[in-house]
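K.L.:
Below are the sequence and a predicted model; questions follow.
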Amino acid sequence: MSIEQQGNPLTFVAFFTEARTGRTGLTVTTDVFRNGTQIITAASATAIGGGAYSYTLASGDVTAEGLYLAVFKTATATVDQQHIPSLWTVGTAGIENLNAAVNTRLATAGYTAPTTAPTVAAIRVEMDLNSTRLANLDVTVGSRLASTAYTAPTTPPTSAAIAGTVWDRQLSLHTTAGSAGAAVAALAADNLHNPVPGPYAVGTAGHALGRVGVTRVNTSSVSAVGMILNAAIVAGDTVPILLQITDTRVTTLDGATIRYQFGVSSTMPPLVSKVAPVGIAVVSSPGTTIRITLLPVDTQTLHGNYYHEVEVTTASGVVATVAKGTLTIDRGLIAAP
């Protein structure tokens, strides 16, 4: 959008493209609207070059302030846009006040500062007439509290006294969520002095401690690197297997499909098969570390030696058996849950 004074000619410009490149050789006409009323219909536009076309509205048609809109049109259907608008703002928003060149105005060197300062009486008259703050002086200053009636605070408390007051405050009074006091209060309410099993959620330390002496505590875990994947576990345990892949065919797990399975042998159908993300999680990405979780339901009825392996299909389609070995499952002394 451009701006101009009333009574001056307006040159509108539009740019036509075809396949996102300037399109030359078009036949372009122009409709012009002044404040919503059409004043020019199908006037011929002039090609400028490189896909640009122009139309100049004569000064005699720029007769009012407002918005002058030109719509350039072409019948060629292969261009990216057959109708393109171009806008001028005439004489609005103070444009009409730009009626002289700036260099015709008084230079700073031509300014003469006042010589006589205003008198105190003149200042008082100006304040009485124009100040909006005088209305706030609604009583005499003498009726306000004298400084001699003010009692200054005593010696401020020491840092030790402040600390003692804070730490001696009852924990039950710290209830603001997210505050340090609330965190300490929550910790005091849930510590190792509390009885177990108690109302502890599965996965918490309290829940695990509550199972001691009642049922088995599942603490088995397996870590493996590369092709070595030999593990011994107890049937019915929840077992996380951390595997760091060192196969040069797998440089990243981003977008890869990961499959883990175990069975009686590599030539028979697997007893358990997991495909990410069910039971398999990428620990670091992009990276080469994964976690496979064996659940109680996977092993609670098994006993003996089994064959297991991990297969990765990369995002580029490379299929690689990145780890394999023996999975030994022991029934243990306590029956699986």
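P.N.:
Received it, and whenever you're ready, just let me know what you need.

K.L.:
Mind jotting down where the helices sit in this structure?
P.N.:
120-130, 159-167, 180-189, 205-210, 296-299 (DSSP state H).

K.L.:
is it possible to export those helices to a markdown table including mean pLDDT, mean neighbour count and distance to Ala75?
P.N.:
(Glycine included, C-beta is placed from N, CA and C.) Below are the helices of the chain laid out as a markdown table (pLDDT from 0 to 100; neighbours: other C-beta atoms under 10 Å; distance: least, C-beta to C-beta, whole Å):
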| stretch | mean pLDDT | mean neighbour count | distance to Ala75 |
| --- | --- | --- | --- |
| helix 120-130 | 77 | 10 | 67 |
| helix 159-167 | 79 | 10 | 82 |
| helix 180-189 | 76 | 13 | 73 |
| helix 205-210 | 66 | 16 | 78 |
| helix 296-299 | 87 | 18 | 72 |
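
K.L.:
Just put these in a markdown table and tack on distance to Val283.
P.N.:
Formatted as a markdown table, these follow (distance: least, C-beta to C-beta, whole Å):
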| stretch | distance to Val283 |
| --- | --- |
| helix 120-130 | 74 |
| helix 159-167 | 41 |
| helix 180-189 | 29 |
| helix 205-210 | 22 |
| helix 296-299 | 20 |
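
K.L.:
Nearest to Ala146, out of those?
P.N.:
helix 120-130 (26.5 Å; C-beta to C-beta).

K.L.:
From the chain's centroid, how far away is that closest one?
P.N.:
On the basis of C-alpha atoms, centre = their mean, to the nearest Å, helix 120-130 sits 57 Å off its chain's mean C-alpha point.

K.L.:
between the helices of the chain, which gets nearest to Thr11?
P.N.:
Here helix 120-130 is closest among the helices of the chain (C-beta to C-beta), at 49.3 Å.

K.L.:
Low-confidence ranges, the stretch 51-200 of the chain, go.
P.N.:
93-97, 130-135, 189-193, 196-200 (pLDDT under 70).

K.L.:
the strands in it, which residues?
P.N.:
For the stretch 51-200 of the chain, the strands defined by DSSP state E, counting those that start in this stretch occupy 52-57, 66-74, 83-90.

K.L.:
Mind putting those strands into a markdown table with distance to Thr238 and mean neighbour count?
P.N.:
As requested, those are exported to a markdown table (distance: least, C-beta to C-beta, whole Å; neighbours: other C-beta atoms under 10 Å):
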| stretch | distance to Thr238 | mean neighbour count |
| --- | --- | --- |
| strand 52-57 | 72 | 20 |
| strand 66-74 | 71 | 19 |
| strand 83-90 | 67 | 18 |
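
K.L.:
So for Thr158, which of those sits nearest?
P.N.:
Nearest of the strands of the stretch 51-200 of the chain (C-beta to C-beta): strand 83-90, 68.9 Å.

K.L.:
Contacts for that closest one, please.
P.N.:
1-6, 10, 12-16, 62, 64-73, 95 (C-beta atoms under 8 Å, 6 or more residues apart in numbering).

K.L.:
let's see 7 Å
P.N.:
1-4, 6, 10, 12-14, 16, 62, 65-73 (C-beta atoms under 7 Å, 6 or more residues apart in numbering).

K.L.:
Export only the CA atoms of that strand, formatted as CSV.
P.N.:
Extracted in CSV, the C-alpha atoms of strand 83-90 (Å, rounded to 0.1, in the frame of the first residue of the first chain):
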residue,chain,number,x,y,z
HIS,A,83,-6.5,-11.1,-10.6
ILE,A,84,-4.0,-9.0,-8.6
PRO,A,85,-4.9,-6.0,-6.4
SER,A,86,-2.8,-2.8,-5.9
LEU,A,87,-3.8,-0.1,-3.3
TRP,A,88,-3.1,3.6,-2.8
THR,A,89,-4.2,5.7,0.3
VAL,A,90,-4.9,9.3,-0.6
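
K.L.:
now the angle from it to strand 52-57?
P.N.:
For strand 83-90 against strand 52-57, the angle by axes from the mean of the first three to the mean of the last three C-alpha atoms, to 10 degrees is 40 degrees.

K.L.:
neighbouring strands for strand 83-90, and are they parallel or not?
P.N.:
strand 2-4 (parallel), strand 66-74 (antiparallel) (DSSP bridges).

K.L.:
count of neighbours near the residue nearest to Val28 when sequence neighbours are not counted?
P.N.:
Leaving out its chain neighbours, the residue that sits closest to Val28 by C-beta to C-beta, 6 or more residues apart in numbering is Ala45, at 4.0 Å. Other residues within reach of Ala45, judged by other C-beta atoms under 10 Å, total 23.
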